[in-house]
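Peer 1: what's the 3D shape of this:
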Amino acid sequence: MKLVITMSRRYGTGASMIAKELSEQLGIPVYDKVNVEEELSKNTYESEVEVIRQLAKEPCIILGRCASEILKDQRNVFNIYVCADKEDRIRRIMKIENLPYEDAKAEIEQTDRERSEYYHEHTGKAWGDVNNYHMILNTSDLGVENCAGILLKYFERKEFI
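Peer 2: Next up, the predicted model:
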């Protein structure tokens with residue numbers, strides 16, 4: 001199966017690290033906002049949809065960009081939502097961005113708000129709604145370092161890979 005993984009995530013959950021590990025283990029590329037926007041001829045949502053559909057013709061991991069909704073009718077797509085406790089996310093952003101607590105908290109709140117609004121504007125659905133995903137990973141409970149392994153074992157067991 002040409003597995004396409006979409007990964008929606010709250011800011012500061014470590015999802016990009018999970019995607020990177022999966023990418024290395026599966027030998028498939030990861031695409032995020034920057035990669036998608038580089039491919040656009042016009043910066044419209046419709047153009048973005050076309051780029052995402054084009055990328056998903058081959059196995060890959062797509063971070064965000066409403067990919068779970070855009071690709072919902074494809075049978076080879078597995079949608080993941082990554083979350084974590086807010087305090088864990090704040091601490092992770094403080095460390096990564098070298099920010100004080102209040103700045104990291106504000107950045108998380110603003111980024112989550114923007115992602116939620118973007119998702120709702122383009123899909124009409126609530127970002128993070130469990131009904132939109134095949135699996136939800138809580139990195140506070142599972143640990144960022146364990147999530148790629150959990151996914152790989154699941155994909156092997158289900159014979160996706």
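Peer 1: Looks to me like residue 91 is in a helix.
Peer 2: Yes. Counting by DSSP: H, G, I helix; E, B strand; the rest coil, residue 91 falls inside a helix.
Peer 1: Any regions of this structure where pLDDT drops low?
Peer 2: Confidence mapping of the chain against pLDDT under 70 gives the ranges 1.
Peer 1: If we use 80, what do you get?
Peer 2: 1, 40-42 (pLDDT under 80).
Peer 1: Show me the helices in it, by range?
Peer 2: Here the chain has its helices, by DSSP state H, at 15-26, 33-38, 45-55, 67-70, 86-97, 101-123, 139-142, 144-157.
Peer 1: Now the residue of the chain most remote from its centre: closest residue in space that isn't a chain neighbour?
Peer 2: Here the centre of the chain is the reference, and by Cα atoms, centre = their mean the most remote residue is residue 100, at 25.6 Å. Spatially, and ignoring its direct neighbours in sequence, residue 100 is nearest to residue 94 (7.1 Å; Cβ to Cβ, 6 or more residues apart in numbering). (Each C-beta comes from the backbone N, C-alpha and C, glycine too.)
Peer 1: Tell me how many other residues crowd that neighbour.
Peer 2: 19 (other Cβ atoms under 10 Å).
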